[in-house]
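Q: Got a predicted structure plus its sequence, pasted below:
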Amino acid sequence: MKTIILVENDPVVIKVYGSEFELEGFGVEVAPDGLVALKMLTAVRPDVVVVDLTIPKSNGTDVIKYIRSTPALKTIPVVILTKAYMTMTSLVQQAAAIGADMALLKSSCTPGQLLEVINELLSRGKPVESDPSKRIAMPAPPTKPQT
């Protein structure tokens, strides 16, 4: 069974996405903050990490840096799932530049879409896109209707 570490502190997101992962046959371990995630990573040795950037105690960027700098973990696919948008877009881009394989926006991503990304990463064994700036799947800002 493949294992996902879900680094998330929102109980609704944990329940919705965690349940979907389990229904698809994944084992799910939840880290409610960055420090727990850092400890859990070597103990669990997951197949995929899904991380929110705005988690307590050590942010998602720190978790990604740790994964990419640890030889035993550096090839694990990392997907950012965040509510970050406008003001935090640069943080999402920074996270992609330091090694996240994909960044998805919570408000426009379903559990099924996230599973598609995860399954593609697991089948490819490499980033979805080699250019970090193209790994961010965020919708364009809404436009005003023309009158």
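A: Sure thing, it's come through. Residues are numbered from 1 along each chain as shown.

Q: Run through the helices of the chain in chain order.
A: 11-23, 34-44, 60-69, 89-97, 111-124 (DSSP state H).

Q: Among those helices, which comes closest to Leu81?
A: Proximity to Leu81, assessed across the helices of the chain by CB to CB, is greatest for helix 111-124 (6.4 Å). Using the backbone N, CA and C atoms, a C-beta is placed for each residue, glycine as well.

Q: For the closest one, the averaged confidence score.
A: Mean pLDDT, helix 111-124: 89.

Q: ditto for stretch 62-82
A: Stretch 62-82 shows a mean pLDDT of 91.

Q: quick one: low-confidence parts of this structure?
A: Scanning the chain for pLDDT under 70 picks out 84-93, 95, 125-147.

Q: Go again with 90.
A: For the chain, the stretches flagged by pLDDT under 90 are 1, 42, 45, 53-56, 58-61, 74-75, 80-110, 117, 120-121, 123-147.

Q: Most tightly packed of the helices of the chain?
A: Among those, the stretch with the highest mean neighbour count (mean count of other CB atoms under 10 Å) is helix 60-69, at a mean of 20.

Q: quick one: that helix to helix 34-44, angle?
A: 30 degrees (axes from the mean of the first three to the mean of the last three CA atoms, to 10 degrees).

Q: Going by contacts, tell me the helices and strands next to helix 60-69.
A: Judged by 3 or more CB pairs under 8 Å, 6 or more residues apart in numbering; DSSP states H and E, helix 60-69 is in contact with helix 34-44, strand 48-51, strand 78-82, helix 89-97.
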